[in-house]
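>>> any chance you could fold what I've pasted below:
(chains A and B)
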Amino acid sequence: MSTYQPGQPLLEVRGLCVDYGAGPDAVHAVVDADLVLHRGEVLGLAGESGSGKSTLAYAITRLLRAPGMITGGSVGYHPKPGTTVDLLAASEGTLRVLRWSQISVVMQSAMNALNPVLSIGAQLTDVLQAHRPDLGQAERRARAGELLAMVGITADRLGSYPHELSGGMRQRVMIAMALALEPQVVIMDEPTTALDVVTQREILEELMELRERLGFAVLFITHDLSLLVEIADSIAVMYAGRLVERADADALFRAPRHPYSLGLLSSFPGLHGPRRRLTGIPGSPPDLRQLPAGCVFHPRCSYAMDRCRTDTPALQRLDVKGDERAVACWLQDGSAAPPPELAVPAPHEPPPPAPGAPPAPAPDLARSQP
Amino acid sequence: MTQLHDAAPAPATGTPLLEARNLTKHFPLHGHRSSGGRSRARRAGRGRADRGGAVVHAVENVSLALGAGQITAVVGESGSGKSTLARLLCRLLAPTSGQLIVEGRPVRSGRRGGRSYARLVQMVLQDPFSSLNPVHDVRYHLARPLQVHGMLEPGASMDEAVTGLLERVSLTPADQFLRKYPHELSGGQRQRVAIARALAVRPRVLLADEPVSMLDVSIRLGILNLLDDLRERERLAILYITHDIASARYLADTIVVMYAGQVVESGPAQAVTDQPEHPYTRLLLGAAPDPDRGGPPVPGELGDRGRGAPPSLVTPPPGCRFHPRCPHAMSVCAETVPPGFDVAAGHRSACWLHARDLTAAQAAPVTRHDSAPAPGEETG
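Next comes the predicted model:
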């Protein structure tokens, strides 16, 4: 999170709204989403199920299926600084060229995303055949092997079928496929949720390494905020279809500004320190068909004021210089001092943790060697 | 409170409510390595591991003890045998060998006594979206066990009993929930109904198999805290099965770490997570998301701790099942299953690194056959 230097905006989402259904019964799955993904950045999108995070990703790539409809906003893609493609207005032909080669998606369930009756080699070369007609058959095959090697699978696995691979390997194949055409943006929808922690860790390590090497930007969607704090440069938190907070990963973790972010962060028991009872967030996420008036979070918010029950707070840029921080909460509108736990000073230029001296030293592997 | 491998006598704190001694479960593999055709293989496969048919070694020689008012967490990856262990403990499965002991008395094998055992040991399943019957309301789900087990005291009304159950799991006001169907409830509320159903027969042992992994992050703690309250209030012995070692540290008194069907480490929750002794526990802790670690995953960070995947349970590696991945593997690890070594009070680790009297030959680095090469192949 500290290695990243903000680059040029690559993907700009402004005021995006997505409804499921039409008319008075429409469910507003994404409301007024504002996001900017910079070149080479890992942007984490955190939220619970039903918060609209996957819908937002599908809307960006125009992969939404009916009854999902984009009802407002714009998505600008900047393949080069200065040029802009409006993805929402783009023709199917333009999208066909952009998808995969510029913007690719890793779906949540590799089990279902791979075709069970084709070998993974066939599926990898199929991508190349469609998008890179200049390559011959042997070149495609070689490139497919290269791609597998990139994610740590030996090329002799090209002839394997999905059922012959473990869950982790299947997910690696999905990542290799997404990277086949060296896209600038990779959208990952819960890419490691179904995997064991050790496999998850391996894949994330590989992903970070590939990002360093190939320089693509990642929109990483997950419900696991503690994971995002580790891998993302910046994080956007969604609740009931709205972005409630956007900040640098470190700032969000150390100094959350929205009560929901604070609640989410304290929903993850830690691995260090004394054990104390955590409270989490009372209640459960709202039904999108019957949203509460005012701030959607107010029924679960312990700081809720009268104003929260009637007026909806907009995502406001916080007055911190050089910071992308924004929050949608009346506590932070400047009229009164927010409660201390929501006003922890953000870490400016956090000192890089000295190697070998993290706050809680990791157990020394050599310790129990006889 | 938990013993590994060797069936040590129960600790002085009193007889555990439910004890498992050397539980082993092998599942016969139909048609595998059998030349006699499908039907013969199927006949041979009926619980007979001794006919030369291959078996899945799902749980191997696991002993543990659940005491009243104690939460024991079983932590492991998928395929480590933790759910099979839960099914053995509530007698959904019959063990291949080993024994269950209830308050000091061995449980007889066979189908008899199932109902009285069920009155003592109840289970909560992972997925509250499929463990409740969609065509029945909450009242039906909670009234059924009361009827089946004859738990309703004469003169008491069913509605009162069911309301009481809902209040025990903090679903209040209870009368609002009585007539609701599962689809009208949120995931957290459903899991609370599932817990209330398990509590209906006033069990003394509750087995919770990944009770929060299907739930939204923000409501997981509510369920974990409910389990904690039940332990406190009703002195339940709770077995909490999870893949999330951080939640085990949060909730449990004792953590048991399983790998490939074997217990590799057990001890007080904080000791196991703060001073892990087994290399696998360290791998697990190193892989768990930890915002305090400060910094993105370093490529290759896990490399020296044991990359790769758990072994095949049909042909598990001899000796310690973790040795093909273990960075410290010695030749003894590939030959003999390590016993549980006491490393601190109540803290055991099944690893040869703790043995004091290994010969030089035994302590020599293992010669790897690399039958299951790790991705990347840079074994360091």
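
>>> use CA for all of it now, contacts and neighbours both
Will do.

>>> quickly find the element holding B:Arg233.
Per DSSP states H and E, B:Arg233 falls inside helix B:217-234.

>>> other SSEs contacting that helix?
helix A:259-265, helix B:187-199, strand B:237-242, helix B:245-251 (3 or more CA pairs under 8 Å, 6 or more residues apart in numbering or on different chains; DSSP states H and E).

>>> need these in CSV (columns: mean neighbour count, distance to A:His28 and mean pLDDT).
CSV is the format used below for those (neighbours: other CA atoms under 10 Å in any protein chain shown; distance: least, CA to CA, whole Å; pLDDT from 0 to 100):
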stretch, mean neighbour count, distance to A:His28, mean pLDDT
helix A:259-265, 23, 20, 93
helix B:187-199, 25, 21, 94
strand B:237-242, 26, 35, 96
helix B:245-251, 24, 34, 94
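
>>> figure out which of these is closest to A:Ile231.
Proximity to A:Ile231 (CA to CA) singles out helix A:259-265 among these, at 15.3 Å.

>>> point out the residues in the stretch 151-300 of chain B that sit beside chain A.
The stretch 151-300 of chain B has residues B:186, B:188, B:216-222, B:243, B:246-247, B:249-250, B:273-277, B:279, B:282-284, B:287-300 near chain A, with proximity defined as CA under 8 Å from any CA of the partner chain.

>>> which among the residues you listed count as buried?
With burial judged by 16 or more other CA atoms under 10 Å in any protein chain shown, the buried subset of those is B:186, B:188, B:216-222, B:243, B:246-247, B:249-250, B:273-274, B:276-277, B:279, B:282-284, B:287-297, B:299.

>>> re the thing from before, A:Leu243: which of the helices and strands packed on helix B:217-234 is closest?
Among the helices and strands packed on helix B:217-234, helix A:259-265 comes nearest to A:Leu243, with 10.8 Å by CA to CA.

>>> mind saving the C-alpha coords of the closest one as CSV?
The C-alpha trace of helix A:259-265 is given here as CSV (Å, rounded to 0.1, in the frame of the first residue of the first chain):
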residue,chain,number,x,y,z
PRO,A,259,-19.5,4.6,11.1
TYR,A,260,-20.1,1.7,8.8
SER,A,261,-16.4,1.5,7.9
LEU,A,262,-15.6,1.6,11.6
GLY,A,263,-18.1,-1.1,12.3
LEU,A,264,-16.8,-3.3,9.5
LEU,A,265,-13.2,-2.9,10.7
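
>>> which stretches of the chain have low pLDDT?
Since you didn't name a chain, this refers to chain A. By pLDDT under 70, the weakly predicted segments of chain A are A:1-6, A:110-111, A:319-323, A:348-370.

>>> wrong chain, I was asking about chain B
Within chain B, the ranges that satisfy pLDDT under 70 run B:1-13, B:31-52, B:294-306, B:367-380.

>>> can you report phi and psi for the residue with the largest distance to the centre of it?
Most distant residue from the mean C-alpha position of chain B: B:Gly155, 39.6 Å away (CA atoms, centre = their mean). Note on B:Gly155: its backbone torsions stand at phi 90, psi -20 [degrees, to the nearest 10].

>>> please apply the same query to the one 10 residues further on.
Its backbone dihedrals place B:Leu165 at phi -60, psi -40, with angles given as degrees, to the nearest 10.

>>> what is the burial count for it?
Neighbour count for B:Leu165, taken as other CA atoms under 10 Å in any protein chain shown: 22.

>>> hang on, it packs against B:Ala196?
Yes. Assessed by CA atoms under 8 Å, B:Leu165 is found in contact with B:Ala196 at 5.7 Å.

>>> which neighbours do those two share?
Each of B:Leu142 lies in contact with both B:Leu165 and B:Ala196 under the rule CA atoms under 8 Å, 6 or more residues apart in numbering or on different chains.

>>> now the strands for chain A?
Taking DSSP state E as the test, the strands found in chain A are A:9-20, A:27-38, A:42-46, A:68-77, A:85-86, A:103-106, A:185-189, A:217-222, A:234-239, A:242-248, A:316-317, A:326-327.

>>> how far away is B:Arg179 from B:His57?
Applying CA to CA, to the nearest Å, the value for B:Arg179 to B:His57 is 44 Å.

>>> cool, B:Glu103 as well?
28 Å.

>>> neighbour count winner among these two?
Neighbours were counted for B:Glu103 and for B:His57 using other CA under 10 Å; B:His57 has more, 20 against 14.

>>> ok but B:Ile255 is inside a strand, no?
Yes. The assignment for B:Ile255 is a strand, going by DSSP: H, G, I helix; E, B strand; the rest coil.

>>> tell me what it is bridged to.
B:Ala73, B:Gly267 (DSSP bridges).

>>> verify the stated contact: it with B:Val272.
Yes. With contact defined as CA under 8 Å, B:Ile255 reaches B:Val272; the gap is 6.8 Å.

>>> compare neighbour counts for these two and give me the winner.
Higher neighbour count among B:Ile255 and B:Val272: B:Ile255, with 29 against 25, using other CA under 10 Å.

>>> list the contacts for the more buried one?
Residues in contact with B:Ile255, defined by CA under 8 Å, 6+ apart, are B:Thr72, B:Ala73, B:Val74, B:Val75, B:Ala248, B:Arg249, B:Ser266, B:Gly267, B:Pro268, B:Ala269, B:Val272.

>>> swap the cut-off to 10 Å and go again
Contacts for B:Ile255 (CA atoms under 10 Å, 6 or more residues apart in numbering or on different chains) come out as B:2, B:71-75, B:239-241, B:245, B:248-249, B:265-273, B:347.

>>> A:Leu262 now?
Taking CA under 10 Å, 6+ apart, we find A:Leu262 in contact with A:Leu252, A:Phe253, A:Arg254, A:Ala255, A:Pro256, A:Gly280, A:Ile281, A:Glu341, A:Leu342.

>>> and for A:Val237?
By CA under 10 Å, 6+ apart, the contact list for A:Val237 reads A:44-48, A:51, A:53, A:223, A:225, A:243-247, A:252, A:258, A:260-261, A:264, A:327.

>>> same question for B:Ala350.
Here B:Ala350 is in contact with B:4-5, B:262-266, B:277-279, B:320, B:337-343 (CA under 10 Å, 6+ apart).

>>> mind checking how far it is from chain A?
Distance from B:Ala350 to chain A, counting by CA to the nearest CA, to the nearest Å: 13 Å.

>>> which residue packs closest to that residue, ignoring adjacent ones?
Nearest residue to B:Ala350 in three dimensions, chain neighbours excluded: B:Gly340, at 4.1 Å (CA to CA, 6 or more residues apart in numbering or on different chains).

>>> touching, that neighbour and B:Leu353? I think so.
No. With contact defined as CA atoms under 10 Å, B:Gly340 does not reach B:Leu353; the gap is 11.1 Å.

>>> what's around A:Leu64, how many residues?
Neighbours of A:Leu64 under the rule other CA under 10 Å: 18.

>>> right, and it touches A:Tyr58 too?
Yes. A:Leu64 sits in contact with A:Tyr58 when judged by CA under 10 Å, with a separation of 5.2 Å.

>>> if we can go back for a sec, filter the contacts of B:Ala350 down to just the ones in helices.
Under the assignment DSSP state H, the contacts of B:Ala350 contribute B:Pro279 to helices.

>>> if any of the contacts of B:Ala350 are buried, put those into a ChimeraX selection.
Selection of buried members from these for ChimeraX, criterion 16+ other CA under 10 Å:
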select /B:4,5,262,263,264,265,266,277,278,279,320,337,338,339,340,341,342
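
>>> among the contacts of B:Ala350, which are in strands?
B:Gln262, B:Val263, B:Val264, B:Glu265, B:Ser266, B:Phe341, B:Asp342, B:Val343.
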